[in-house]
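> Could you work out the structure for the sequence below:
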Amino acid sequence: MSAALLAAAILGAAAATYLFGDDAGLPARVAMGVPLGIVLLGLAGFVLGWAVGLAVATAVLAALVVLVVPVLIVHRHVGWGRLHEETARARAAVAQALRRPTRLVAATALFYVIMAALVVSLFDRAMFEAAQGGGVFTGVDHNLGDLPFHLAIVTSFLYGHNFPPEHPELTGARLTYPFLVDLVAALLMAAGASVRQALRLENVALAGALVALLHRFARRLTADPLAALLAPLLVLASGGLGFLILLDDVDPMGGGVVGLLRHLRHDYTILPQGPLRWGNLVVTMLIPQRSFLLGMPLFLLVATLWWQAVTDADRARARRRLLAAGVITGLMPLAHAHAFAVAMAVSAALALLFPDARGWAPAIGAAVVLALPQLLLIARGSSTGTGHFLGWQVGWDRGEQGLLRFWWLNLGLFLPLLLLALAWRWPRRLVDRPLPRFYLPFAACFLLPNVLRLSPWIWDNIKFMVWWHVVSACLIALLLARLWRLAGAARVVSVALFALLTLSGALDLWRVASRAIVLPIVLPDGEAFAGQIRATTPPGAVILHAPTYDSEVYLSGRRTVMGYPGHTWSQGLEVGTREEDVKRIYAGAPDARALLDRYGVDYVLVGPHERALEGFDEDALRGLPVVARQGRYALLRAH
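Alright, predicted model coming up:
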């Protein structure tokens, strides 16, 4: 049922694309429908869940709303003749491709087969269970802290009736993190999916749509079919010169290169100690930061509409596309805040570069009107300290590295090739179209985060720079395609450059896909005890536990006093003395009872993480009644 509900939302959103997607075929409409359908399903589910609670009926009704409303609008204003025409064209195109396949058709088919296999193999490692069943494991290093945080959001909606949403790791504070992708996972679980099935359904659907929308955006931007196939690979296999480290890692006694590739020990695009900090897009953002996986295809949809609008001679159609881009932008705040902020900034810049008051004003106005209620929702009761977000910091996350050396190591040939692509004389079809002007706001997305710190954690500036990287990758892909067509030695150079641009990222992708990484987050007995917590506590209960990223409480849907400090700090939340107060309670400090009352604690967890706290005193908790006990775990009533 959960797969059927997700499909219904996608089909409803795909139908809505007939209101603005004049030149899209059926596959493109389905790809656009995936992120749009998930956003609309999340918004509908949020309103219904807040009103009546999250249950299977809520999930079904939300999916029906997303399916039926767009279908009725399209039926009234567009009609279904175009659908019949597109279906006929699609059948004819497939038949023609099977009868007389061209090299382009074969290359495109091979591209999508490879990308489908890659998407499934990579996102299958986002979360899995132990071989004997149970527990929560991940096969991505960077997902070790992010996965339990997202699970805490999902379970808080499903089991904790978390409306309006409080932060699952900071009771009493509003959840300012974009939560729609996790709310949809909760809806799918309410419809019968397991947590792994729900995450996998969403992840694979969104990642597949991302590949298709990247391909479509590059095809529109470059007007070059070969560049359109290369650009997604340059984006998804992003990396710098980290592959050079591979030479030092090879052990002739351990099987050489083949033996090393079977068990790669670390990433080749990012290292905790530096100097490599530009991590591969898939393993550092798309897999661990699930909201980014929703925000990126939404942004690509909007960027494609911008490009189509500024290059369209039909002003009425262009303005309709701009309005659609504004509406989609207005849906973004609860989906992905960084994508929303960049979309608003870029649209304002494009409005100055391509003046059209009757086009941009309604579009930006629609975005503001739709976004404002979402922004007010997360701002009210927020514990975010705005002072943590802005500051001067030249050179992003370079540490003590020189600026030029840092970017050379992290992007390799990407920057020199980008400069060459910008300097090379473009074909007339691109010069006549305003590609240089269109690129300017995206260049600013790289330059400004190299001067300003825009997040409490400086590495998060990459969430602004990545949009520059996507558009720049399209220009470099065009350069490589033009080199390929020169034939001879230029073709060899094109292949070599492509390999050097993607080798480090390919190593990191292979490390995940080869299943070399197995990281436990919550073991089977901890997952079982999380079920006991749900069974013995009411939905709104506040539970005290050790401030760690992998607490069993995150699977219970209950609120916590203080979660992982790394999460609260990177999100700019003011936590005061909570971390120290939690430790004081477990150490049996004289004011422990007053602290329990101050934070409204209902239950106290005692497990391996809590016993590992410095100063832990189990005798200090003996006066609290035990409400659940299993193996290493005990749940105590605070009152």
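
> so Thr171, which of the three states?
Going by DSSP: H, G, I helix; E, B strand; the rest coil, the secondary structure assigned to Thr171 is strand.

> low-scoring stretches of this protein, by residue?
383, 385-388, 426-433 (pLDDT under 70).

> what's the domain layout of it?
The chain is divided into the following domains under automatic domain parsing: 1-100, 224-517, 523-637.

> okay if I get the ones you listed as a markdown table plus distance to Ala107?
Just so you know, the C-beta spots here come from the backbone N, C-alpha and C atoms, and that holds for glycine as well. Shown next, in a markdown table, are the domains of the chain (distance: least, Cβ to Cβ, whole Å):
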| stretch | distance to Ala107 |
| --- | --- |
| domain 1-100 | 12 |
| domain 224-517 | 6 |
| domain 523-637 | 41 |
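
> Redo those domains as CSV? Include distance to Ile114 and mean neighbour count.
Formatted as CSV, the domains of the chain follow (distance: least, Cβ to Cβ, whole Å; neighbours: other Cβ atoms under 10 Å):
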stretch, distance to Ile114, mean neighbour count
domain 1-100, 17, 18
domain 224-517, 9, 19
domain 523-637, 34, 18
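
> which stretch among those comes nearest Pro168?
Nearest to Pro168, of all the domains of the chain, is domain 523-637, at 6.7 Å by Cβ to Cβ.

> gap between the two ends of that closest one?
24 Å (Cα to Cα, to the nearest Å).

> now stretch 528-548
Using Cα to Cα, the end-to-end distance of stretch 528-548 comes to 19 Å.

> And stretch 237-257, by the same measure?
Terminal residues of stretch 237-257 are spaced 20 Å apart (Cα to Cα).

> Quick one: closest of the domains of the chain to Ser121.
Closest to Ser121 of those is domain 224-517 (Cβ to Cβ; 4.4 Å).

> okay, now Pro133: neighbour count?
Just so we're on the same page, residue 133 is Gly rather than Pro. 7 (other Cβ atoms under 10 Å).

> where do the strands sit along the protein?
136-138, 166-167, 170-174, 391-392, 452-453, 519-522, 542-544, 559-560, 603-606, 626-630, 633-637 (DSSP state E).

> what packs against the second one?
Secondary-structure packing of strand 166-167 (3 or more Cβ pairs under 8 Å, 6 or more residues apart in numbering; DSSP states H and E): strand 170-174.

> List the buried residues of the strand it packs on.
By 16 or more other Cβ atoms under 10 Å, the buried positions in strand 170-174 come out as 170-171, 173-174.

> farthest pair in those residues?
Farthest pair in the buried residues of strand 170-174, by Cβ to Cβ: Thr171 and Arg174, 11.1 Å.

> Distance from the chain centre to stretch 580-593, please.
38 Å (Cα atoms, centre = their mean, to the nearest Å).

> Check stretch 73-91 too.
With Cα atoms, centre = their mean, you get 32 Å for stretch 73-91.

> do stretch 561-569 as well
Computed by Cα atoms, centre = their mean, the chain-centroid distance of stretch 561-569 equals 20 Å.

> who touches that stretch?
145, 148-149, 152, 167-171, 456-457, 542-545, 547-549, 551, 554, 575, 578-579, 581-582, 599, 601 (Cβ atoms under 8 Å, 6 or more residues apart in numbering).

> how close does Pro436 get to Ala15?
According to Cβ to Cβ, to the nearest Å, Pro436 and Ala15 sit 36 Å apart.

> I meant Pro362, not that one.
Distance from Pro362 to Ala15, by Cβ to Cβ: 23 Å.

> Now tabulate the buried residues of strand 170-174 in CSV and tack on distance to Leu72.
Below are the buried residues of strand 170-174 laid out as CSV (distance: Cβ to Cβ, whole Å):
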residue, distance to Leu72
Leu170, 42
Thr171, 42
Ala173, 40
Arg174, 35
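
> I'd assumed Val120 was in contact with Val204.
Yes: applying Cβ atoms under 8 Å, one finds Val204 in contact with Val120, separated by 6.1 Å.

> more neighbours, those two?
Taking Val204 and Val120 together and counting by other Cβ under 10 Å, Val204 has the greater number of neighbours (18 against 15).

> Number of residues surrounding the residue lying closest to the more buried one once chain neighbours are set aside?
Distance criterion Cβ to Cβ, 6 or more residues apart in numbering; nearest residue to Val204, sequence neighbours excluded, is Phe123 at 5.6 Å. Counted with other Cβ under 10 Å, the neighbours of Phe123 add up to 25.

> Correct me if wrong: Phe123 contacts Ala207.
Yes: between Phe123 and Ala207 there is a contact at 5.7 Å, judged by Cβ under 8 Å.

> if I look at the closest residue to Val369 other than its chain neighbours, how far off is Gly365?
Computed as Cβ to Cβ, 6+ apart, the closest residue to Val369 that is not its neighbour in sequence is Gly330, at 6.7 Å. As for Gly330, its distance to Gly365 is 9 Å (criterion: Cβ to Cβ).

> Pro538 now?
As judged by Cβ to Cβ, Pro538 and Gly365 stand 44 Å apart.
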